[in-house]
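Chemist: What follows is a predicted protein model with its sequence.
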Amino acid sequence: MNIQVSKRSASTKSEEMEKTIFKIPGMDCPSEEQLIRLKLEPVKAVQFLQFDLAGRKLTVYHENGLPVIEQSLAGLDLGAERLSSQPAEALPGNEKPAAESRLLWMVLAINGAFFIVEMATGLISGSMGLVADSLDMLADAIVYGLSLWAVGKAYSSKQRVATISGYFQLALALLGIVETVRRFLGQGDVPAFQIMIVISLLALAGNAASLWLLNRSKSGEAHIQASKIFTSNDVIINIGVIIAGVLVYLTSSRLPDLVVGSIVFLIVIRGAFRILKLGK
């Protein structure tokens with residue numbers, strides 16, 4: 001299913017309009033979609049972006065400027081590869097900005113709420129898995145918040161916010177890695193597996209309910225489809241923390257929690273570097 005995202009207004013026809021399709025293997029969650037939209041915004045040649053998240057493809061409608069577009073995509077290190085380029089007589093129809101904005105606010109609110117709950121309970125229980133999962137939620141919230149705030153702002157302002165957000169996220173993730181290493185070396189108590197399992201079950205229930213509602217809507221809207229992928233990824237992480245909690249209970253060891261936490265921290269660090277690329 002194609003996911004269409006309007007970037008800016010343009011005439012419906014242009015003698016110089018081209019349609020270029022890219023394969024982007026690294027576009028595996030909605031955050032990457034938002035990063036691509038922000039990265040290509042200053043490229044004046046770009047008139048319209050069309051995302052196929054399931055197929056990990058991006059169609060760019062543009063007026064010349066292909067080398068600049070390819071350079072911008074390459075800067076995100078998502079593995080963008082040009083598949084084809086051909087003339088295009090007209091732009092696809094635009095989506096309603098109000099609908100896009102409402103959905104962005106919804107996703108931002110969900111991520112923000114889970115970040116607060118999981119960070120608090122992770123610190124209370126001593127679970128690095130919950131702390132890492134909360135930072136993963138924060139990473140997505142930063143990208144969606146940046147997309148909302150950036151509407152109508154100068155690109156230089158967006159670059160500054162992206163840089164600040166990226167460094168903030170990177171600092172938190174690195175602190176998490178340091179704490180995880182400290183615990184690997186034998187310092188720290190075994191986390192409270194009860195809190196790990198209960199909070200992750202609640203998060204899993206919330207994500208599963210959201211995924212059910214999104215699938216039931218059968219909407220082709222860009223951010224509805226993006227939210228499906230985002231929620232599916234979070235379900236996998238929730239299950240990972242639950243399994244870690246069960247293993248902590250069975251083994252009376254903190255190692256399962258530390259392993260899961262380390263994996264998620266590395267995912268968060270990767271996301272932070274991608275956000276920082278927007279500030280360049």
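Modeler: Received the coordinates, thanks.
Chemist: Show me the shaky parts of the stretch 1-150 of the chain.
Modeler: Low-confidence segments of the stretch 1-150 of the chain (pLDDT under 70): 1-15, 29-31, 93-104, 140, 143-144, 146-150.
Chemist: care to break this protein down by domain?
Modeler: 3-87, 97-277 (automatic domain parsing).
Chemist: Save the ones you listed as a markdown table, and put in mean neighbour count too.
Modeler: Backbone N, C-alpha and C define where each C-beta goes, glycine included. Converted to a markdown table, the domains of the chain look like this (neighbours: other CB atoms under 10 Å):
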| stretch | mean neighbour count |
| --- | --- |
| domain 3-87 | 18 |
| domain 97-277 | 19 |
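Chemist: all strands for the chain, in order.
Modeler: For the chain, the strands defined by DSSP state E cover 3-5, 17-23, 46-52, 57-63, 81-87.
Chemist: Show me the beta-bridge partners of Leu49.
Modeler: Val5, Val60 (DSSP bridges).
Chemist: distance of it from Glu63?
Modeler: The gap separating Leu49 from Glu63 is 14 Å, by CB to CB, to the nearest Å.
Chemist: Same question for Ala171.
Modeler: For Ala171 relative to Glu63 (CB to CB), the value is 40 Å.
Chemist: repeat for Leu258
Modeler: Applying CB to CB, the value for Leu258 to Glu63 is 52 Å.
Chemist: what's the answer for Lys23, then?
Modeler: Distance, Lys23 to Glu63, using CB to CB: 22 Å.
Chemist: Same check on Ser165?
Modeler: Ser165 is 31 Å from Glu63, by CB to CB.
Chemist: quick one: Leu76 and Leu35 touch, right?
Modeler: Yes. Leu76 lies in contact with Leu35 (CB atoms under 8 Å); the separation is 6.0 Å.
Chemist: Where does pLDDT dip in the stretch 151-280 of the chain?
Modeler: Along the stretch 151-280 of the chain, segments meeting pLDDT under 70 span 151-159, 161-162, 213-231, 233, 277-280.
Chemist: which residues in the stretch 1-150 of the chain form helices?
Modeler: Counting by DSSP state H, counting those that start in this stretch, one finds helices in the stretch 1-150 of the chain at the ranges 30-40, 66-74, 97-125, 128-149.
Chemist: what separates the shortest one from the chain centre, distance-wise?
Modeler: Pointing back at helix 66-74 there. With CA atoms, centre = their mean, to the nearest Å as the basis, helix 66-74 stands 21 Å off its chain's centre.
Chemist: what does it rub up against?
Modeler: Among residues not part of helix 66-74, those counted as contacts by CB atoms under 8 Å, 6 or more residues apart in numbering are 18, 20, 22, 24, 36, 39-40, 43, 45-46, 58, 60, 62, 80, 82, 85.
Chemist: at 7 Å what do you get?
Modeler: Thr20, Phe22, Lys39, Leu40, Val43, Ala45, Val46, Val60, His62, Ala80, Arg82, Ser85 (CB atoms under 7 Å, 6 or more residues apart in numbering).
Chemist: Send me that helix as PDB with only the CA atoms.
Modeler: Extracted in PDB, the C-alpha atoms of helix 66-74 (Å, rounded to 0.1, in the frame of the first residue of the first chain):
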ATOM      1  CA  LEU A  66      18.200  14.800  -8.400                       C
ATOM      2  CA  PRO A  67      21.900  14.900  -7.300                       C
ATOM      3  CA  VAL A  68      21.000  17.100  -4.300                       C
ATOM      4  CA  ILE A  69      18.200  14.800  -3.400                       C
ATOM      5  CA  GLU A  70      20.400  11.700  -3.500                       C
ATOM      6  CA  GLN A  71      23.100  13.500  -1.500                       C
ATOM      7  CA  SER A  72      20.500  14.400   1.200                       C
ATOM      8  CA  LEU A  73      19.200  10.900   1.500                       C
ATOM      9  CA  ALA A  74      22.800   9.400   1.600                       C
END
